[in-house]
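Participant: I'll drop the sequence and a predicted model, then ask my questions.
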Amino acid sequence: MWLTLDIGNSGVKAGLFDGPRLVSHQAWPVEAPFESDLLPWFSQYSIDRAGLCSVGPRRPHSWLGWGRRIPVLILSHTLRLPLEIEYTRPELLGTDRIAAAAGAWVQFGRTAPVVIVDAGTTVTIDLVHNGVFLGGTIAPGPALMRNALSDGTASLPSVELKVPAGAYGTDTTSAIQQGVMLGFIDMVTGAIQRASDALPAPPVVVCTGGLHKLLVDQIAAIDHLMPHLVLRGIREIMRLNP
């Protein structure tokens, strides 16, 4: 069995793979002491190795003591990957983006370009064509947009993050929800369209991240929903780096 870990800005996801099959998965807030929650997996399964990507506040070095149980592969752009990276400074490319792109390319990219939408605290829209990671877009997610309005103004409140009805707000709360939630959806829709226009053939659009259901319900251009795409990408990279 292989353990995969995706440590993000606000949450942690863990997946347990038996070959290509995802046997079990868990998720926690990033501040939770979740290492102890993995112990039942170690008692129930024979786990041979782990793969880890981290873009959040808990950096990979904090796992070194825990990782002495089994070999831990920490993702980086220098590993053998199922795609090439065409990025000006690949050392600054988030390893979660690398893993998501790797997972999507292996799954869907053999006959068409791939656009990967990963929506959580931030949203990234990345492009892969002919086995090459071309680059992408990084933008704030709805919570960051809402917090910027609330923290950066004197009188605008922090509102519930839900999609409002209608085309405009009839009070301050619904007006902010229009701007934040529908503005976010419009931003992602536009980014997908621009990415598609930049590619030589219609792409396969894959969506993942904590806000995947919101986007899939609102954006018809999304072809596939893969909530555990980053974990699957980590597993693919582990496979290439024994």
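Facilitator: Nice, thanks for sending it over. Being a predicted model, the structure only gives us computed values, none of them experimental. Numbering: from 1, shown residues only.
Participant: Pull out the buried residues from the helix or strand of the chain with the lowest mean pLDDT.
Facilitator: The helix or strand with the lowest mean pLDDT-type score in the chain, counting by mean pLDDT, DSSP states H and E, is helix 39-44 (a mean of 86). Applying a neighbour-count criterion of 16 or more other CB atoms under 10 Å, the buried positions in helix 39-44 are residue 41. Quick note: C-beta positions are derived from backbone N, CA and C, even for glycine.
Participant: Restricting to C-alpha, output it in PDB.
Facilitator: The C-alpha coordinates for helix 39-44 follow below in PDB (Å, rounded to 0.1, in the frame of the first residue of the first chain):
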ATOM      1  CA  LEU A  39      -2.300   5.400  12.900                       C
ATOM      2  CA  PRO A  40      -5.300   3.100  12.200                       C
ATOM      3  CA  TRP A  41      -4.200   2.800   8.600                       C
ATOM      4  CA  PHE A  42      -0.800   1.600   9.800                       C
ATOM      5  CA  SER A  43      -2.400  -1.000  12.000                       C
ATOM      6  CA  GLN A  44      -4.900  -2.200   9.400                       C
END
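Participant: quick one: contacts of it?
Facilitator: 3, 16, 24, 47, 69 (CB atoms under 8 Å, 6 or more residues apart in numbering).
Participant: after that helix comes which helix or strand?
Facilitator: strand 49-54 (DSSP states H and E).
Participant: For that next one, the averaged confidence score.
Facilitator: Mean pLDDT, strand 49-54: 92.
Participant: Buried residues, that strand. List them.
Facilitator: Judged by neighbour count (16+ other CB under 10 Å), strand 49-54 contains these buried residues: 50, 51, 52, 53, 54.
Participant: now do stretch 155-169
Facilitator: Taking 16+ other CB under 10 Å as the basis for neighbour counts, the residues of stretch 155-169 that come out buried are 156, 159, 161, 164, 169.
Participant: Let me know the closest of the residues you listed to residue 105.
Facilitator: Distance to residue 105, by CB to CB, is smallest for residue 161 among those, at 31.1 Å.
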